[in-house]
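Chemist: kindly return the folded structure for what I paste below:
(chains A and B)
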Amino acid sequence: MPEISIQSVDFDAGLEIKCLREASAETGAVATFTGIVSDINEGSPVSTLELEHYPGMTEKSIAAIIDEAKNRWPLLAVRVIHRIGKLAVREQIVFVGVSSRHRGAAFAACEFIMDFLKTRAPFWKKETIDGGSRWVDARVGDDAAAARWK
Amino acid sequence: MLTVLFFARIREQLGESRLQCAHVSSIDTLIDTLSLRGEQWSPVLRAPNVIVAINQAVARAGQLLCDGDEVAFYPPVTGG
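Modeler: The predicted model follows:
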């Protein structure tokens, strides 16, 4: 199983958890995050999202985030999946899963990877609202979430 | 030569996703050169939030360009 997948097709979070659990005989904890397309952004109902990315740099930037997480915590396995292309409300966008011997490292590393994925990995969302479309603006709160790990 | 890429809002504003141009040594000179293509190029590429990447890593302040480099201009990221 690769650590990083950028794909248009959906993923099976249950299968990913099973792979993380079975990746090492030492596994004592698996923590995961699954991001879902929300039906509302900044007060407007969203019908679909389109995700663009920078092929090559996306994978490199996520690999660098995973390396940083592995330097901070004793992780056994890491899995990051990010979808691209057109997505409907309630579809899965992103999966971050980590396994470790203990829950503290797994919880922290999962959140760390997600915070930096949101602020460093070159993905852009365009949402369709009432037949029109607009690029989603970056949130200051996302930068603040990443900054607290320094 | 330099390969220059544009993403998301910037790609749409400029109507270009990828072009090649002669090697210049700095990002500033590259933007000056690209600005000859139309009046919107300079304000779009010099907007305060634009991120510049060189060879798929975010550019350091003052980083110089080498012949063959891939330069990308993109807005703040919104994945996840």
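Chemist: what about B:E16, distance to B:A72?
Modeler: According to C-beta to C-beta, to the nearest Å, B:E16 stands 12 Å off from B:A72. Just so you know, the C-beta spots here come from the backbone N, C-alpha and C atoms, and that holds for glycine as well.
Chemist: okay, the two: which has more neighbours?
Modeler: Neighbour totals were compared for B:E16 and B:A72, and B:A72 leads with 24 against 16 (other C-beta atoms under 10 Å in any protein chain shown).
Chemist: what about the more buried one, is that helix, strand or coil?
Modeler: Classification of B:A72 using DSSP: H, G, I helix; E, B strand; the rest coil returns strand.
Chemist: what pLDDT is listed against it?
Modeler: pLDDT, B:A72: 98.
Chemist: residues touching it, list them.
Modeler: By C-beta atoms under 8 Å, 6 or more residues apart in numbering or on different chains, B:A72 lies in contact with A:Y54, A:M57, A:P122, B:V4, B:L5, B:F6, B:F7, B:V52, B:A53, B:Q56.
Chemist: if we go to 7 Å?
Modeler: By C-beta atoms under 7 Å, 6 or more residues apart in numbering or on different chains, the contact list for B:A72 reads A:Y54, B:L5, B:F7, B:A53.
Chemist: which strand residues bridge it?
Modeler: B:L5, B:A53 (DSSP bridges).
Chemist: count of residues packed around the closest residue to chain A within chain B?
Modeler: Residue nearest to chain A within chain B (C-beta to the nearest C-beta): B:G79, separated by 2.6 Å. Neighbours of B:G79 under the rule other C-beta under 10 Å: 26.
Chemist: which bits of chain A sit near chain B?
Modeler: Contact residues (C-beta under 7 Å from any C-beta of the partner chain) of chain A with chain B: A:35, A:52, A:54, A:56-57, A:60, A:82, A:94, A:114, A:117-125, A:135-136, A:138.
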